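Undergrad: could you work out the structure for the sequence below:
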Amino acid sequence: KPLAPEVELDTIAKQTPGFTGADIENLVNEAAILAARGNKRAIGMFEFQEAVERVIAGPERRSRLINEHEKRIIAYHEAGHALVQHLLENTDPVHKVSIVSRGMMGGYTMTLPEDDRTMYSKSKFEDELAAMLGGRVAEQCVFGDVTTGASNDLQRATKIARSMVTEYGMSEVLGQRTFGQKDELIFLGREISEQRDYSEEVATQIDREIKAIIDRAYARALEIIETSRDKLDRLAAMLIEKETIDHADLRAVIDGGGVASAEAATV
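TA: Predicted structure coming up:
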């Protein structure tokens with residue numbers, strides 16, 4: 001496929017971890033179709049970016065009608081994710097934040113890993129958990145209420161916290177051991193069952209430790225958002241106006257003290 005000179009293959013590679021050969025073929029074909037629709041002779045970075053997001057999250061749903069209040073909630077939710085993600089040391093850089101619906105998502109925050117990684121540290125898990133909960137924390141702080149928008153965030157956070165406790169021995173309370181023996185369907189690589197090798201008392205301890213890990217992550221996100229509320233407001237205002245912001249916009253607001261062109265809405 002003909003590629004435009006500005007195409008950055010390293011950036012595309014960072015956005016597509018775990019893609020199979022078929023996934024990449026689908027991605028390139030989708031980008032080529034978008035370029036053809038735009039009467040272009042070569043595939044540009046814009047087409048690749050749009051194709052990546054289509055393959056991962058689905059096509060844009062700009063026709064979806066949302067009221068202004070819901071739009072503000074989504075903007076603050078994604079701004080909360082982006083703010084915490086950007087300010088913590090062990091998280092991947094934020095590449096793009098959008099409140100344009102894709103698939104089943106009302107908005108999304110896209111990150112770019114800086115390098116290939118096969119091992120994850122406890123501190124990275126803890127920072128990533130705080131970033132996942134940043135959206136829920138922002139909703140609570142700004143609106144005094146929470147919505148269903150954090151359901152996927154909570155599912156992911158719970159899964160990571162459980163893995164930290166039961167698979168990676170990252171719990172000081174439960175020590176350096178694993179819990180549960182998983183049987184897998186070898187050829188499909190899918191988990192089909194788990195055999196308990198621990199008592200009900202230990203199961204209760206596992207649940208308590210998972211809750212403690214998530215509660216600590218929530219507290220960290222809350223501290224960041226409360227101390228950087230002005231930046232949260234500016235990010236949300238920029239999202240409401242522009243709908244999509246990139247890494248440069250994010251840095252201008254958070255690191256450079258830049259002000260969004262739209263006034264932050266008062267709550």
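
Undergrad: strands of the stretch 1-150 of the chain, start to end?
TA: Using DSSP state E, counting those that start in this stretch, the strands of the stretch 1-150 of the chain run over 94-98, 108-111.

Undergrad: can you list contacts of the first one?
TA: If you take Cβ atoms under 8 Å, 6 or more residues apart in numbering as the criterion, strand 94-98 is touched by 15, 49, 78-79, 81-82, 85-86, 107-112, 235, 239, 243-247, 250. Quick note: C-beta positions are derived from backbone N, CA and C, even for glycine.

Undergrad: can you rerun that using 10 Å?
TA: 11, 14-15, 49, 53, 57, 60, 74-75, 78-79, 81-86, 105-113, 131, 235, 238-239, 242-247, 249-251, 254 (Cβ atoms under 10 Å, 6 or more residues apart in numbering).

Undergrad: report the buried residues of it.
TA: Neighbour-count burial for strand 94-98, counted by 16 or more other Cβ atoms under 10 Å, picks out V94, H95, K96, V97, S98.

Undergrad: and that strand, what's its mean pLDDT?
TA: The average pLDDT for strand 94-98 rounds to 91.

Undergrad: now E53. Nearest residue, chain neighbours left out?
TA: R102 (6.3 Å; Cβ to Cβ, 6 or more residues apart in numbering).

Undergrad: ok, now which ones touch the one you found?
TA: E53, R54, I56, A57, G58, P59, E60, R61, R62, R64, Y108.

Undergrad: please repeat the previous calculation with a cut-off of 6 Å.
TA: A57, G58, E60 (Cβ atoms under 6 Å, 6 or more residues apart in numbering).

Undergrad: the first one against G103, yeah?
TA: Yes. Taking Cβ atoms under 6 Å as the definition, A57 is a contact partner of G103 at 5.0 Å.

Undergrad: between these two, which one's more packed in?
TA: The neighbour count for A57 versus G103, taken as other Cβ atoms under 10 Å, is higher for A57 (16 against 13).
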